[in-house]
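Novice: Could you look at this predicted model? Sequence included:
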Amino acid sequence: MHAIEIINVSKEFKGKKGAVVEAVKGLSLAIDQGEVFGFLGPNGAGKSTTLKILMGLIAPTSGHASILGTDSQSYLSRKYVGYLPEHPAFYDYLTAYEYLAFVGRTFQMAKTVLAEKSEYFLKLLDLWNVRQRPISGYSKGMVQRLGIAQVLIHDPAVYILDEPMSGLDPIGRALVKDIILELKKRGKCVFFSTHITSDVETVCDRVGIIVKGTLRCVERVASLMREGVVGYHLYIKDKNSFDVKEVYVTKDQLPAFIQETQVQEQEITMIEPRRKNLEDFFLGIVREQK
């Protein structure tokens, strides 16, 4: 059983003057427990629509989605999930501590466990000192941190996160990445959308790229990084002067260049691959669709 399964899902909306807008087109995807999956795409590609279908906030026009085998349109699927929307909005007259208590009671957490976890996550996300302040006085980054806390509080099996690093400073972004990697170690499923490729490179096992509502590819991140080598930086030491110079050669030029340095009795002290990063791969796919 997959943690998340999406089978041939499409979603249409009525646009201006009654025109039909296809936000998602025939999307199929399966994600397993213990996997971190990055959903990458430009603005308006269909990322948030897909996540809202998984959360039962909107219904697909056609197709089917499930979470741990339970139909995503059923309220029963919610108990397995921690969800962070793209623009989290809370009852802003509550304090952070009160809001986590509300979430914990919704998931029927024991009072002692809820109190312990609330303290732990508020401290982890640097909200402990403002826990009694109304959320209405929080900055965007503080609201985002609270959103992460409420996702984690009930220890779900599946995490669906829409732009989880949005609005966070570099320290906050690094913390969220560490949290995601820790969830992976614990065998959790994390499915998050983003348009920031570096986030995917750091934490994801696989990435799916969606453009104009269509899933264009699904790849293992490690394979993309390994197969994306386009050339090499070589550091060469001259046998007479002992000076070290840096030379760049393409992937095809490397064998002949190594042979040439051996003939000239030069020493290659280091070879560093230069590879296309995920951003190059992503932009290439997006440009193909224009």
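Specialist: That came in fine, so what should we check first?
Novice: From now on I want contacts and neighbour counts done on CA atoms only, so please keep to that.
Specialist: Fine.
Novice: And the strands in the chain?
Specialist: 4-14, 20-31, 36-40, 62-67, 70-71, 81-84, 158-162, 189-194, 206-211, 214-220, 229-237, 244-250, 267-275 (DSSP state E).
Novice: can you pull the buried residues of stretch 151-163?
Specialist: 151-154, 156-163 (16 or more other CA atoms under 10 Å).
Novice: Those: which two are farthest apart?
Specialist: Across those, the two members that end up farthest from each other (CA to CA) are His154 and Glu163, 20.4 Å apart.
Novice: want to throw the buried residues of stretch 151-163 into a markdown table with distance to Thr250 and pLDDT?
Specialist: Listed next are these as a markdown table, based on distance: CA to CA, whole Å; pLDDT from 0 to 100:
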| residue | distance to Thr250 | pLDDT |
| --- | --- | --- |
| Val151 | 46 | 96 |
| Leu152 | 46 | 96 |
| Ile153 | 50 | 96 |
| His154 | 51 | 95 |
| Pro156 | 47 | 95 |
| Ala157 | 45 | 96 |
| Val158 | 43 | 97 |
| Tyr159 | 41 | 97 |
| Ile160 | 41 | 97 |
| Leu161 | 39 | 96 |
| Asp162 | 39 | 93 |
| Glu163 | 36 | 92 |
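Novice: check contacts around Cys204.
Specialist: 35-38, 221 (CA atoms under 8 Å, 6 or more residues apart in numbering).
Novice: One more: Leu57?
Specialist: Residues in contact with Leu57, defined by CA under 8 Å, 6+ apart, are Gln73.
Novice: as a whole number, average confidence for stretch 218-232?
Specialist: For stretch 218-232, the mean per-residue pLDDT is 77.
Novice: ok, now stretch 117-137?
Specialist: Stretch 117-137 comes out at a mean pLDDT of 95.
Novice: CA atoms only for stretch 231-238, dumped as CSV, please.
Specialist: Taking C-alpha atoms only, stretch 231-238 is exported to CSV below (Å, rounded to 0.1, in the frame of the first residue of the first chain):
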residue,chain,number,x,y,z
GLY,A,231,32.7,18.5,-17.5
TYR,A,232,35.5,18.5,-15.0
HIS,A,233,37.8,21.0,-13.3
LEU,A,234,41.3,19.5,-13.1
TYR,A,235,44.1,20.7,-10.9
ILE,A,236,47.5,20.1,-12.5
LYS,A,237,50.9,20.4,-10.9
ASP,A,238,53.9,21.2,-13.1
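Novice: Pull the contacting residues for Tyr91.
Specialist: Listed by CA under 8 Å, 6+ apart, the contact set of Tyr91 reads 99, 135.
Novice: so where's the stretch 1-150 of the chain shaky on pLDDT?
Specialist: Per-residue confidence for the stretch 1-150 of the chain (pLDDT under 70) gives no ranges below the cut-off.
Novice: Just list the residues touching Glu246, thanks.
Specialist: Here Glu246 is in contact with 233-236 (CA under 8 Å, 6+ apart).
Novice: gap between it and Tyr235?
Specialist: Counting by CA to CA, to the nearest Å, the gap from Glu246 to Tyr235 is 5 Å.
Novice: Next: Arg206.
Specialist: According to CA to CA, Arg206 and Tyr235 sit 33 Å apart.
Novice: neighbour count winner among these two?
Specialist: Set Arg206 next to Tyr235 and count neighbours by other CA atoms under 10 Å: Arg206 wins out with 21 against 17.
Novice: Arg220 is in contact with the more buried one, correct?
Specialist: Yes: Arg206 is within contact range of Arg220, at 4.3 Å (criterion: CA atoms under 8 Å).
Novice: Could you verify my assumption that His233 touches Thr269?
Specialist: No: under the criterion of CA under 8 Å, His233 makes no contact with Thr269, lying 10.8 Å away.
Novice: Sweet, I'm off.
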